[in-house]
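K.L.:
Quick one: sequence and predicted model below, then my questions.
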Amino acid sequence: MAGTRNTLQKEIVFKTVRNMENHPTAEMVYGVIMDIYGNISKATVYRILNQLADQDEIIRVKVPNAADRFDYRKEPHYHIRCVCCGNVMDAPISVWDELTQKAREATDIEILGHHIIFDGICKQCRR
């Protein structure tokens, strides 16, 4: 019975991250789940988010000096953080392979991956 509950809770957390599409924090995911379901503890949501990230079902976006964000898009891509409002969004650029190759050639190290977050000011904050 506990396994079924955990599986249902895991599905709820995963679907919430996917449906939010805005690189939510754990607190944001918990808030949405509480509004809809109201019966999952904060600790459970945080634990499941960590499990999903550890199992590569979602990506943990480590944001310097801020809470981690979670992203349902698993293909390699970059992120941009607005330094005014804190929103995190996908950066629509594609230099992943080129940058990885250049790092490998410059260092003779097998590159396993990298994470880049650009800082900027979003359109709404510039207004």
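P.N.:
Received, thanks. Bear in mind that the values here come from a model prediction, so they are computed numbers and not experimental data. Numbering: from 1, shown residues only.
K.L.:
wait, Lys10 sits on Gln55?
P.N.:
No: the criterion here is CB atoms under 8 Å, and Lys10 misses it with Gln55 at 9.8 Å. Where C-beta positions appear, they are placed from N, C-alpha and C, glycine not excepted.
K.L.:
Pick out whichever of the two has more residues nearby.
P.N.:
Lys10 (18 against 9; other CB atoms under 10 Å).
K.L.:
Give me the domain ranges for the chain.
P.N.:
As assigned by automatic domain parsing, the chain contains the domains 2-71, 78-126.
K.L.:
so after the longest helix anywhere in the chain, what's the next helix or strand?
P.N.:
For the chain, the helix with the greatest residue count under DSSP state H is helix 2-20. Note on helix 2-20: by DSSP states H and E, the next helix or strand toward the C-terminus is helix 26-36.
K.L.:
thinking Ile40 is in contact with Val32, fair?
P.N.:
No: applying CB under 8 Å as the test, Ile40 and Val32 come out as separate, 10.8 Å apart.
K.L.:
Identify the bridge partners of the spatially most central residue of the chain.
P.N.:
With distances taken as CA atoms, centre = their mean, Phe70 lies nearest the centre of the chain, 2.0 Å away. When bridges are called by DSSP bridges, Phe70 pairs up with Arg60.
K.L.:
where are the low-confidence patches of the protein?
P.N.:
Along the chain, the parts satisfying pLDDT under 70 run over 1-5.
K.L.:
Kindly indicate whether Arg73 is helix, strand or coil.
P.N.:
Classification of Arg73 by DSSP: H, G, I helix; E, B strand; the rest coil places it in coil.
K.L.:
Give me the phi and psi for it.
P.N.:
Main-chain torsions, Arg73, degrees, to the nearest 10: phi -80, psi 120.
K.L.:
mind listing what it touches?
P.N.:
If you count contacts by CB atoms under 8 Å, 6 or more residues apart in numbering, Arg73 has them with Ile59, Asp90.
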